[in-house]
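Engineer: Kindly generate the corresponding structure for this input.
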Amino acid sequence: MQTDMLNWLDSQQSTMESMLHEWCSINTGTENVEGLNTLRPLIIDAFKALNAHIDVLEPAKVEEVTNQGHVRQVPVGHNLRISKIREGKPKVMMIGHMDTVFDKDHEFQVLTTLDEERLQGPGVTDMKGGILVMLHALKAFEQSELANELSWEVFLNSDEETGSRGSMPEIIASAKQSDIGLGYEPCMPHGALAGQRKGSANYAVSVKGRAAHAGREFHKGRNAVAALCRFLNMLDDLNDVRNTITLNVAQIQGGGALNVVPPQAVGRFNIRVESLEDQKWFEDYIEQAINISNQQDGLSFELFGGFTRPPKIIDEKTKRLCDLVQSCGQELGIDITYEPTGGCCDGNNLVAAGLPTVDTLGVRGANIHSSDEFIWIKSLSERAKLSYLILRAFAQNPSIIAKA
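Structural biologist: Numbering: from 1, shown residues only. From the prediction side, this is the model:
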């Protein structure tokens, strides 16, 4: 039966390629809700073959500060939960996302065949290819003699690329009802999987000062741009204070006419941390820094944002799941290795919620988040076979993850 299903997955390669072309021809930038609404029914139709329960979920409300210092509601698409629950059986949570980093006005919209082995296009690797890997691994598993031994859930969100702020409550709820997590972000270009991951936070600092004529009444003004620059320089200096963090000052917006003291400015930055201790240290630091800054005459500072990705730490249960994945790779002649990375994904949050997770079981490709993104097309069936074997192995011995 196992060999038959592996052969069946090989036979699905051309079908997977056709579906990838169709799905990636639809722009699903995170805020392109119309495009996400177009893709979602196609994914639902594809998963109907599994006779599973399908829920379309409302996103949580998401707000952020604009470059003018105002708060706006961020457009967020609906999420998908596709599940088959068998009473008393261990549950696998498989997670992926429908959105990409390429908005509807981005130049990168067309798929291009680079050669016989590579297809270039938006989302081919990150991560519509990964959704196809999930779908076909489950199709194979549901035909196997072990199908009744597992419950499973596929969770597909619409805002992973911006931190999963609108989907995180539902993700955590599902994680707490599952036994293992499998994530379908792409693996590294050379095939390695992600091990430990840094945590990540995006922040915005809004500064309000006081406008004045830059020549006649400069002394009456309070320069928001200058105050923001001093604040961000202080943050940038933290890179030399704590070597387990990286803080990237990314944007500064403010000011207008050159003869006006600027009354408003917004700065944005990202911080990556290696540990929960780093995260707590910075959260305490930034709170104190804002409080001190607000003591300046005529200036007010307001902080927006925070950590959406806690650090992903490899605990004992996650290590055993990593070992299980390696053994399944060996059956296919794939040498699975793990590497730490500064990148983040929903796998960070699954592990932080207590769920053992391997989160780079998607396709092989390269140049993600750029107009050169491509997939090694044969990795569709290759990685579907790997996930099929993982499901089989866990169904046969679910206690291997939880053992003391």
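Engineer: the helices in the stretch 251-400 of the chain, which residues?
Structural biologist: Secondary structure of the stretch 251-400 of the chain (DSSP state H, counting those that start in this stretch): helices at 276-293, 316-331, 346-352, 379-396, 399-402.
Engineer: from the middle of its chain, how far away would stretch 77-87 be?
Structural biologist: Offset of stretch 77-87 from its chain centre (C-alpha atoms, centre = their mean, to the nearest Å): 18 Å.
Engineer: Could you do stretch 320-330 as well?
Structural biologist: Put simply, stretch 320-330 sits 23 Å off its chain's centre (C-alpha atoms, centre = their mean).
Engineer: And that stretch, what's buried?
Structural biologist: 320-322, 324-326, 328-329 (16 or more other C-beta atoms under 10 Å). Placement of C-beta: from N, CA and C, glycine included.
Engineer: Just the closest of the residues you listed to Val241, please.
Structural biologist: Cys322 (33.0 Å; C-beta to C-beta).
Engineer: quick one on the thing from earlier: out of the buried residues of stretch 320-330, the closest to Phe231 would be?
Structural biologist: Within those, proximity to Phe231 (C-beta to C-beta) peaks at Cys322, which comes in at 41.1 Å.
Engineer: At the geometric centre of this protein, which residue do we find?
Structural biologist: Centroid-nearest residue in the chain: Cys345, 3.3 Å away (criterion: C-alpha atoms, centre = their mean).
Engineer: How many residues are close by the residue nearest to that one when sequence neighbours are not counted?
Structural biologist: Leaving aside its sequence neighbours, Cys345 sits nearest to Glu185 (C-beta to C-beta, 6 or more residues apart in numbering; 4.9 Å). Per other C-beta atoms under 10 Å, the neighbour tally for Glu185 reads 25.
Engineer: Check what pLDDT Glu185 gets.
Structural biologist: In this model, Glu185 is scored at 98, pLDDT.
Engineer: Please report the distance of it from Leu20.
Structural biologist: 16 Å (C-beta to C-beta, to the nearest Å).
Engineer: per the record, what domains does the protein have?
Structural biologist: Domain assignment of the chain by automatic domain parsing yields the ranges 2-196+312-402, 199-309.
Engineer: re the thing from before, check the buried residues of stretch 320-330 and tell me the two furthest apart.
Structural biologist: Distance extremes for those: the farthest pair is Arg320 and Gly329 at 15.1 Å, using C-beta to C-beta.
Engineer: Low-confidence bits of the stretch 151-300 of the chain, can you list those?
Structural biologist: By pLDDT under 70, the stretch 151-300 of the chain contains no weakly predicted segment.
Engineer: Out of the domains of the chain, which one sits most buried?
Structural biologist: Most buried of the domains of the chain by mean neighbour count (mean count of other C-beta atoms under 10 Å) is domain 2-196+312-402; its value is a mean of 19.
Engineer: Distance from the chain centre to that domain, please.
Structural biologist: Relative to the centre of its chain, domain 2-196+312-402 is centred 10 Å away, using C-alpha atoms, centre = their mean.
Engineer: got the end-to-end distance for stretch 46-53?
Structural biologist: 13 Å (C-alpha to C-alpha, to the nearest Å).
Engineer: And stretch 182-194, by the same measure?
Structural biologist: 12 Å.
Engineer: before we move on, what about stretch 213-222?
Structural biologist: So stretch 213-222: terminal residues 11 Å apart, C-alpha to C-alpha.
Engineer: same check, this time on stretch 349-358
Structural biologist: End-to-end distance (C-alpha to C-alpha), stretch 349-358: 12 Å.
Engineer: same thing with stretch 114-123?
Structural biologist: Start to finish, the residues bounding stretch 114-123 are 15 Å apart (C-alpha to C-alpha).
Engineer: And for stretch 207-214?
Structural biologist: End-to-end distance of stretch 207-214 (C-alpha to C-alpha): 19 Å.
Engineer: Contacts for it, please.
Structural biologist: 69, 218-225, 227-228, 231, 254, 258-267, 298-302 (C-beta atoms under 8 Å, 6 or more residues apart in numbering).
Engineer: so where do the helices sit in the stretch 51-200 of the chain?
Structural biologist: Taking DSSP H, counting those that start in this stretch to define them, one finds helices in the stretch 51-200 of the chain at 129-142, 168-175.
Engineer: on contacts alone, who are the packing partners of the last one?
Structural biologist: For helix 168-175, the elements it packs on are strand 79-84, strand 91-97, strand 151-157, helix 346-352, judged by 3 or more C-beta pairs under 8 Å, 6 or more residues apart in numbering; DSSP states H and E.
Engineer: how big is the angle separating the third one from helix 168-175?
Structural biologist: Taking axes from the mean of the first three to the mean of the last three C-alpha atoms, to 10 degrees, strand 151-157 and helix 168-175 form an angle of 170 degrees between their directions.
Engineer: what's the answer for the first one, then?
Structural biologist: Put simply, strand 79-84 runs at 10 degrees to helix 168-175, going by the same axes, to 10 degrees.
Engineer: sorry, back to before: quick check: which of the helices and strands packed on helix 168-175 is nearest to Ala250?
Structural biologist: Of all these, helix 346-352 comes closest under C-beta to C-beta, at 20.1 Å.
Engineer: So which other helices or strands are in contact with that closest one?
Structural biologist: Under the contact criterion of 3+ C-beta pairs under 8 Å, 6+ apart, helix 346-352 touches strand 91-97, helix 168-175, strand 180-183, strand 193-197, strand 300-309, strand 357-358.
Engineer: what do you get if the cut-off is 7 Å, keeping everything else the same?
Structural biologist: Applying 3 or more C-beta pairs under 7 Å, 6 or more residues apart in numbering; DSSP states H and E, one finds that helix 346-352 contacts helix 168-175, strand 180-183, strand 357-358.
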